[in-house]
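Chemist: Provided below are the primary sequence and the corresponding predicted coordinates.
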Amino acid sequence: MTLTETAFGRLTLMKQAALVLGGTGVLAIASQVSVPFLPVPMTLQTLAVLSVGFAFGSRLGAITVAAWLMQAVLGAPVLANFNNGAAFFGPTAGFLVGFVGMAWIAGLAAERGVVAKMGMGLLASALLYVPGLAWPLGVGELFGLKVWGHDLAFGALLDAFALPFLLGDAVKAVLAALLVTGGLSLLSKRA
C-alpha cells in the first residue's frame, strides 16, 4: 500500500485529482528552494519528484509530474527561479522531461521497503541524466544551439550538468526514501 493510500484510503477520482493538484504545489514550492550554482541552480526538485513517486506510486506520480510540467508550459512560474515553459527551450529541458520517468521509476518501489526505495531512487536519479544530457548533446546540436556559448562536447556537458550534482542527487534519493518510508511507518502505527 502506498503512503497516499494509507493516508486517504481508496483513491477515488476526486482524491486522485486533489493529490495531483497538491503534488504540483509541492513540486512548485520545492523548485523555488535553490542554491545558486553554475550552470544551473541546485534545487529540491529531484527530492520532490522522487518523494511524489514514492508516495503516489508510479502512475499517479508520473501524472502529477506531467501536470506540473503542463502548468509550466501554460505559463505558470512553477519551475526553478519562478521559470515557466520557457525552460523547455533551454539546455535543461531534457531534465524536465526526464522528471516524468523519474517519478514513474520511483513509484515502482512505492509499496516496498526503505532499501528498495533507496535503490530505485538512486537508479531513477542516474537515469535522469540520460534525457538530461541527451537534450543539449543531441537535439541542441541538431539545431545548432550552444550551451551558454560553449561547445556541446560530452565531457563539457558532464562537467557542467552532471558531475557537480551527483552527490546531491544521491543524498536527495536516500532522503526521499527515508521521508516517505518514515511517513508510511507513522501512519501505519496510527491505524
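Modeler: Cool, got the structure.

Chemist: can you pull out the helices in this structure?
Modeler: Per DSSP state H, the chain carries helices over the ranges 3-8, 13-32, 45-56, 58-73, 93-107, 114-127, 129-134, 140-142, 154-161, 166-190.

Chemist: Just name the most buried of those.
Modeler: For the helices of the chain, average neighbour numbers computed from mean count of other CB atoms under 10 Å are highest in helix 45-56, which has a mean of 29. The C-beta positions use only the backbone N, C-alpha and C, and glycine is treated the same way.

Chemist: which helices and strands does that helix pack with?
Modeler: helix 3-8, helix 13-32, helix 58-73, helix 93-107, helix 114-127, helix 166-190 (3 or more CB pairs under 8 Å, 6 or more residues apart in numbering; DSSP states H and E).

Chemist: List the residues that contact the residue nearest the centre of the chain.
Modeler: Nearest to the centroid of the C-alpha atoms of the chain, with distances taken as CA atoms, centre = their mean, sits residue 49, at 3.2 Å. Taking CB atoms under 8 Å, 6 or more residues apart in numbering, we find residue 49 in contact with 27, 65, 99, 102-103, 106.

Chemist: Out of the helices and strands packed on helix 45-56, which is closest to residue 45?
Modeler: Between residue 45 and the helices and strands packed on helix 45-56, the shortest separation by CB to CB is 5.1 Å, and it involves helix 13-32.

Chemist: ok and the closest one relative to helix 45-56, angle-wise?
Modeler: For helix 13-32 against helix 45-56, the angle by axes from the mean of the first three to the mean of the last three CA atoms, to 10 degrees is 160 degrees.

Chemist: could I get helix 13-32 in PDB with only the CA atoms?
Modeler: Below are the C-alpha coordinates for helix 13-32, written out as PDB (Å, rounded to 0.1, in the frame of the first residue of the first chain):
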ATOM      1  CA  LEU A  13     -11.000  10.000  -8.900                       C
ATOM      2  CA  MET A  14     -11.600  13.100  -6.800                       C
ATOM      3  CA  LYS A  15      -9.000  12.100  -4.300                       C
ATOM      4  CA  GLN A  16      -6.500  11.500  -7.100                       C
ATOM      5  CA  ALA A  17      -7.300  14.900  -8.700                       C
ATOM      6  CA  ALA A  18      -6.700  16.500  -5.300                       C
ATOM      7  CA  LEU A  19      -3.400  14.600  -4.800                       C
ATOM      8  CA  VAL A  20      -2.200  15.700  -8.300                       C
ATOM      9  CA  LEU A  21      -3.100  19.300  -7.500                       C
ATOM     10  CA  GLY A  22      -1.400  19.100  -4.100                       C
ATOM     11  CA  GLY A  23       1.600  17.300  -5.600                       C
ATOM     12  CA  THR A  24       2.100  20.000  -8.200                       C
ATOM     13  CA  GLY A  25       2.100  22.600  -5.400                       C
ATOM     14  CA  VAL A  26       4.800  20.700  -3.500                       C
ATOM     15  CA  LEU A  27       6.800  20.400  -6.700                       C
ATOM     16  CA  ALA A  28       6.400  24.200  -7.400                       C
ATOM     17  CA  ILE A  29       7.500  25.100  -3.900                       C
ATOM     18  CA  ALA A  30      10.400  22.700  -3.900                       C
ATOM     19  CA  SER A  31      11.600  24.200  -7.200                       C
ATOM     20  CA  GLN A  32      12.000  27.600  -5.600                       C
END
